[in-house]
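Student: Return atomic coordinates for the entry below.
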Amino acid sequence: MSSSETYVAAIDQGTTSTRAMVFDRGGRVVSSEQIEHEQIFPRAGWVEHDAMEIWRNTRRVAAAALASADLKYGDIAACGLTNQRETTVIWDRETGEPIHNAIVWQDTRTGDLCRELAGDDGPGRYRDQTGLPLSTYFAGPKARWILDHVDGSRERAENGELCFGTMDSWIAWNMTGGRDGGLHITDVTNASRTMLMDLRTLSWDEALCDAFGVPVAMLPEIHSSAEVYGPLREHGSLPGVPLAGILGDQQAATFGQACLEPGEAKNTYGTGNFLLLNTGTEPVFSDHGLLTTVCYRIGDQPARYALEGSIAVTGSLVQWLRDNLGLFPHASDIEELAAQVHDNGGAYFVPAFSGLFAPRWRSDARGVIVGLTRFVNKGHIARAALEASAFQTREVIEAMQADSGVELSTLKVDGGMVVNDLLMQFQADILDVPVVRPVVNETTALGAAYAAGLAVGYWDSEDEIRANWAEDKRWEPTIDSAERDRLYSEWNRAVEHSFDLA
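Tutor: Numbers count the residues shown, from 1 in each chain. Reported below is the predicted structural model:
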């Protein structure tokens, strides 16, 4: 494709919104359109999405992203897809209708089921095969919950009448035709988040499926992260354009950040925080509460693996301060509010709204604010909320260094919160390493675009992806080690107050 006039599109189906983005050969954003979708909270600890609403929004943003750049489908060389991981939907093959709302990754309703599955072996029962602890976070138990609670669904699933998938499978099926020949597929990165795939063989494990009570007949086909899966549907806005890349959102961001060598790491600050460290072609298992996951697989090359630290609540804490407490009208206002004070005033905010993820995995934890005095005002609360993201990130990085033996020299960051200078400076301070933000902050969509573009030869090699990566801003640590240690030990004391509250 010698024409310089072609571009690559990416659909980024996230936790709070769906966006479509178009990128040029330099990895620069040509256009972007985004629509938020409803967050459904049927009861405490339960989080759902309407999968049909998300599919409608996907169609709208895809059309709008082309229109806003005055592009036609013929200008698009390939389309990539990235998605909120673990969020689970089951739908009817004939009608294309979901049989239940999608159950979101943050949802904790499968807590009792996970304890039952763990038995006497505890949460690590399936870790050697899956790289994951038994937790409400992952998709397999969510699928089982839907089958247990929707009348007649188990029998229909065993008969092959129902499709299970994470959001990539739902969107890909619909984008490639839906009821009219849609492809029921997923990629290795998303499959590695179900607890149903063997990490080494990269295929569904019948014994695992049996243990979890999820019929193999409803599972999608597992593919590489970058290959041509098939053309997009004729009556959409990208007819015939090859769908050629699928990656779970955090793996996509790792790819978009060009973390393509073992030892390279990135941290995404989104609804939650996700830190991934590329460990190369061998899975590294964690002794410190981290996940072992597939990082990506390009075509027929060996899969690359990663260690991952997942933090449940970071950006969503800012939304909570905005929506539930009304501290400010816009999420971006938190920085100005936090900057009105010089420090946290002794207040620490542990946002364990749905338990704590890595490295502690305490589903019994709940949110606490400790150290309150009459002196503390809303500026201190705002600052404590931002600092919580940085403290939790340090916990994960310490666990990673212990597991991998790799010393982190710089932290590449991306996601919605990295425009917050105060947070990024505090992150550098508490880690004692430089924090670096790239020019293109939307690395999730960019990673999916790169995967799709590599599959069709739009980019020749991973070297082009490395060459495209460019530094925008860097924060150096500014506080002394005594102050760093004091803050971190007070944070650790605060976290202990969140235990046993569920």
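
Student: CA atoms for contacts and neighbours, from now on please.
Tutor: Will do.

Student: Using PDB, write out every CA atom in stretch 7-27.
Tutor: The C-alpha coordinates for stretch 7-27 follow below in PDB (Å, rounded to 0.1, in the frame of the first residue of the first chain):
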ATOM      1  CA  TYR A   7      -5.200   5.300   7.500                       C
ATOM      2  CA  VAL A   8      -5.900   2.700  10.100                       C
ATOM      3  CA  ALA A   9      -9.100   2.900  12.300                       C
ATOM      4  CA  ALA A  10      -9.500   1.500  15.800                       C
ATOM      5  CA  ILE A  11     -12.600   0.900  18.000                       C
ATOM      6  CA  ASP A  12     -11.800   1.300  21.700                       C
ATOM      7  CA  GLN A  13     -14.700  -0.100  23.700                       C
ATOM      8  CA  GLY A  14     -14.000   1.000  27.200                       C
ATOM      9  CA  THR A  15     -15.600   0.800  30.600                       C
ATOM     10  CA  THR A  16     -17.300   4.200  30.500                       C
ATOM     11  CA  SER A  17     -17.400   5.000  26.800                       C
ATOM     12  CA  THR A  18     -16.800   3.700  23.300                       C
ATOM     13  CA  ARG A  19     -14.600   5.600  20.900                       C
ATOM     14  CA  ALA A  20     -13.400   5.300  17.300                       C
ATOM     15  CA  MET A  21     -10.100   6.800  16.300                       C
ATOM     16  CA  VAL A  22      -8.300   7.100  13.000                       C
ATOM     17  CA  PHE A  23      -4.500   7.200  12.900                       C
ATOM     18  CA  ASP A  24      -1.900   8.000  10.200                       C
ATOM     19  CA  ARG A  25       1.300   6.200   9.500                       C
ATOM     20  CA  GLY A  26       3.200   8.200  12.100                       C
ATOM     21  CA  GLY A  27       0.700   7.000  14.800                       C
END
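
Student: Buried residues, that stretch. List them.
Tutor: By 16 or more other Cα atoms under 10 Å, the buried positions in stretch 7-27 come out as 7-25, 27.

Student: contacting residues around Arg233?
Tutor: Counting by Cα atoms under 8 Å, 6 or more residues apart in numbering, Arg233 makes contact with Met175, Thr176, Gly177, Pro239, Gly240.

Student: can you put those in TSV and add neighbour count, pLDDT and distance to Asp485?
Tutor: Below are those laid out as TSV (neighbours: other Cα atoms under 10 Å; pLDDT from 0 to 100; distance: Cα to Cα, whole Å):
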residue	neighbour count	pLDDT	distance to Asp485
Met175	24	97	51
Thr176	26	97	53
Gly177	17	95	56
Pro239	15	93	57
Gly240	17	95	57
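
Student: of those, closest to Arg93?
Tutor: When the contacts of Arg233 are ranked by distance to Arg93 (Cα to Cα), Gly177 comes first, at 11.6 Å.

Student: nearest spatial neighbour of the closest one, skipping sequence neighbours?
Tutor: Nearest non-adjacent residue to Gly177, counting by Cα to Cα, 6 or more residues apart in numbering: Arg233, 4.9 Å away.

Student: Name the SS class of the one you found, please.
Tutor: Judged by DSSP: H, G, I helix; E, B strand; the rest coil, the three-state class of Arg233 is coil.

Student: if I look at it, how far off is Gly178?
Tutor: 8 Å (Cα to Cα, to the nearest Å).

Student: Strands along the stretch 151-300 of the chain, start to end?
Tutor: Ranges of strands within the stretch 151-300 of the chain are 162-166, 185-187, 197-198, 203-204, 221-223, 226-231, 242-248, 265-269, 273-280, 291-296, based on DSSP state E, counting those that start in this stretch.

Student: Show me what the fourth one is packed against.
Tutor: Here strand 203-204 is seen to pack against strand 197-198 when contacts are counted using 3 or more Cα pairs under 8 Å, 6 or more residues apart in numbering; DSSP states H and E.

Student: strand partners of the strand it packs on, parallel vs antiparallel please.
Tutor: If you go by DSSP bridges, strand 197-198 pairs up with strand 203-204 (antiparallel).

Student: can you tell me the average pLDDT over the partner strand?
Tutor: If you average the pLDDT over strand 203-204, you get 98.

Student: Now tell me what touches that strand from outside.
Tutor: Residues contacting strand 203-204 (Cα under 8 Å, 6+ apart): Leu196, Met197, Asp198, Val216, Ile222.

Student: and which of these is nearest to Gly140?
Tutor: Ranked by distance to Gly140 (Cα to Cα), the contacts of strand 203-204 are led by Leu196 at 6.4 Å.

Student: What are the neighbouring residues in contact with that closest one?
Tutor: Contacts for Leu196 (Cα under 8 Å, 6+ apart) come out as Thr130, Gly140, Trp204, Asp205, Leu208, Cys209, Phe212.

Student: Just among those residues, which is most surrounded?
Tutor: Taking other Cα atoms under 10 Å as the neighbour criterion, Gly140 ranks highest of those with 28 neighbours.

Student: how about the spatially closest residue to Leu232 that is not a sequence neighbour, phi and psi?
Tutor: Closest residue to Leu232 apart from its sequence neighbours, by Cα to Cα, 6+ apart: Thr176 at 4.5 Å. Dihedral angles of Thr176 (phi, psi; degrees, to the nearest 10) stand at phi -100, psi 10.

Student: What number of residues are in the vicinity of the nearest residue in space to Ala402 that is not next to it in sequence?
Tutor: Spatial nearest neighbour of Ala402, excluding adjacent residues (Cα to Cα, 6+ apart): His288 at 7.6 Å. Burial of His288 is recorded as 17 neighbouring residues (other Cα under 10 Å).

Student: got it, and Cys79?
Tutor: Per other Cα under 10 Å, the neighbour tally for Cys79 reads 30.

Student: The one 10 residues further on too?
Tutor: Here the number of neighbours of Val89 (other Cα under 10 Å) works out to 27.

Student: Pretty sure it sits in a helix.
Tutor: No. According to three-state DSSP, Val89 belongs to no helix; its state is strand.

Student: oh, and call the first residue 15 from now on, that's how I've got it
Tutor: Sure, I'll start numbering at 15, so the last one becomes Val103.

Student: who's in contact with it?
Tutor: Taking Cα under 8 Å, 6+ apart as the contact definition, Val103 lies against Ala65, Pro112, His114, Asn115, Ala116, Ile117, Ala157, Phe178, Gly179, Thr180, Met181, Trp184.

Student: one more time with 6 Å
Tutor: Ala116, Gly179 (Cα atoms under 6 Å, 6 or more residues apart in numbering).

Student: Now do it against Leu80, distance only.
Tutor: From Val103 across to Leu80, the span is 28 Å (Cα to Cα).

Student: Next step: the buried residues of stretch 21-41 restricted to strands.
Tutor: Secondary structure from DSSP state E places 21-27, 31-37 of the buried residues of stretch 21-41 in strands.

Student: Could you identify the most distant pair in those residues?
Tutor: Across those (Cα to Cα), the longest gap, 22.9 Å, separates Tyr21 and Ser31.

Student: Let me see the mean pLDDT of the helix or strand hosting Phe440.
Tutor: Using DSSP states H and E, Phe440 sits in helix 435-445. Mean pLDDT, helix 435-445: 96.

Student: what sits up against the very next helix or strand once past it?
Tutor: Going down the chain from helix 435-445, the next helix or strand is strand 449-452, by DSSP H and E. The contact list for strand 449-452, computed with Cα under 6 Å, 6+ apart, reads Thr424, Leu425, Lys426, Val427, Ala442, Ala484, Glu485, Asp486, Lys487, Arg488, Trp489.
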